[in-house]
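S.K.: Need coordinates for the below:
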Amino acid sequence: MTDLLVDLGNSRLKWAQSGDGRWLPDAVAHRGGDITALLNQFWSGLTVPERVLLVSVAGEVPTRELEIWLQTHWQLIPRRVRAQREQLGVRNSYREPPTLGADRWAALLGARGLTQGACAVVSCGTAVTVDALSADGEFAGGVILPGLHLWRQSLGRGTAGIGEAEGSDASCLARATADAVAAGALYGLAGAIGRILEEQQRALNADFEIFITGGDAALLAPRLARAVIEVPDLVLKGLARMAEEEAERHLL
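M.R.: Purely as a prediction, here's the structure:
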């Protein structure tokens, strides 16, 4: 069976073609633009899948645009994934399990497929999430904080003398305001992530692997004081595990 696994975020559309030994991930930025135009450009040449699994945190309008495109071009209705109470060796400890973001849930399932030990998942997109998973598979909880773009944007909009100019984040000894904002956001966010990881590890009382994913992962990973494993397609790997589980159920 050929699957199209889709992760529609607030600023990027990511997908992977999976099945028959293939794994073809790809991504494009949309930042709230015309989803239909992007799909016409990037998906028209794809092999028509038999099934589509979708994670979306982008809001109802872009999600609906994607669903309409699939129905119009391929006569397919995607299965929109939501967090479960328990799935694929992961137990959801959220007070209301379905309210956990579907992207976070899929990333946790992806991480569980990569390790059976305790781990943390750092997702660096429009928002940054840092989620902890115990060795026995319990999602212990996590935090959400603004991503790099939001850090810079909020400072520029909230202060009269700074503005939103793009700067270089190369050094903490910045000599221009735009550079100071860029470096402050990058190193400040990296420091916050590091501090959160320390607290999570102390709470779990266990060493853990750290998986980092998302559009800004490549920028943040080198600034973290801890060893991390970069997995750009972690959410899609979680969706692949869900697709495999679903296929196995149908064979029973």
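S.K.: Tell me where the stretch 1-150 of the chain has strands.
M.R.: For the stretch 1-150 of the chain, applying DSSP state E, counting those that start in this stretch gives strands covering 3-8, 12-19, 22-29, 51-56, 79-80, 86-87, 90-92, 119-124, 127-133, 138-146.
S.K.: which residues are in contact with the fourth one?
M.R.: Identification of contacts with strand 51-56 by CB atoms under 8 Å, 6 or more residues apart in numbering yields 1-8, 62-63, 66-67, 70, 76-81, 102-103, 106, 235, 239, 242-243. For every residue, glycine as well, the C-beta is placed using N, CA and C.
S.K.: Buried ones among these?
M.R.: 3-8, 62-63, 66-67, 70, 76, 78, 81, 102-103, 106, 235, 239, 242-243 (16 or more other CB atoms under 10 Å).
S.K.: ok, back up a step: got TSV for the strands of the stretch 1-150 of the chain, with mean pLDDT and distance to Arg175 too?
M.R.: Below are these laid out as TSV (pLDDT from 0 to 100; distance: least, CB to CB, whole Å):
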stretch	mean pLDDT	distance to Arg175
strand 3-8	97	39
strand 12-19	95	32
strand 22-29	93	30
strand 51-56	97	42
strand 79-80	96	48
strand 86-87	97	51
strand 90-92	98	47
strand 119-124	98	27
strand 127-133	97	27
strand 138-146	97	25
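S.K.: can you redo those as TSV with distance to Thr36?
M.R.: Listed next are the strands of the stretch 1-150 of the chain as TSV, based on distance: least, CB to CB, whole Å:
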stretch	distance to Thr36
strand 3-8	13
strand 12-19	12
strand 22-29	13
strand 51-56	15
strand 79-80	18
strand 86-87	32
strand 90-92	34
strand 119-124	26
strand 127-133	25
strand 138-146	29
